[in-house]
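K.L.:
mind looking at a prediction? Sequence and model below.
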Amino acid sequence: MSDSKIHPAMTVLNIKTSIPMTLEMDNSQYSTWAELFKVHAHSHKVLHHIIPDKKVAPPSTDAEKDVWSILDAAVLGWIYSAISYDLLNTIIEPDSTAMAAWKRLKYIFQDNQNSRAVALEHDFSNTHM
């Protein structure tokens, strides 16, 4: 990438204009939020910062590594800006990457789906009319 071109991701001033919802710990909107985020990342050519893509070669030169780091920080900032304060405190780690934060969120919302389904089924079965 030459210095005279601005990467599309660097033109985003406010992620909330593209993703109008804030992901919160106690809601069930993770799938919708994640899909909106992926569409936004794809349209700004940074989807590979949250979802591995074997077609995208890892940065090899110092200049490419610098650009990668800057873009990753921008995507990480998007994630942090689009989630609640409670979730932010749960996933934030020093020197994290966008992909690591994305995986932590996915783990929070999707790893417990089976146990959550069993618990909801139990609650439903024990509901008295």
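P.N.:
Sure thing, it's come through.

K.L.:
pLDDT weak spots in the protein?
P.N.:
1-4, 27, 112-123, 129 (pLDDT under 70).

K.L.:
list the buried residues for the helix or strand containing residue 67?
P.N.:
Under the criterion of DSSP states H and E, residue 67 resides in helix 62-81. Buried residues in helix 62-81, counted by 16 or more other C-beta atoms under 10 Å: 68, 71-72, 74-76, 78-80. Every C-beta, even on glycine, is put in place using the N, C-alpha and C of the backbone.

K.L.:
which among the residues you listed gets closest to residue 5?
P.N.:
residue 71 (12.9 Å; C-beta to C-beta).

K.L.:
what are the ranges of the helices in this structure?
P.N.:
30-43, 62-81, 85-91, 98-110, 113-125 (DSSP state H).

K.L.:
rewinding a little: contacts made by the helix holding residue 67 with the rest, please.
P.N.:
The contact list for helix 62-81, computed with C-beta atoms under 8 Å, 6 or more residues apart in numbering, reads 1, 7, 9-10, 12, 14-16, 37, 40-41, 46, 49-50, 59, 88, 92, 96-99, 101-102, 105.
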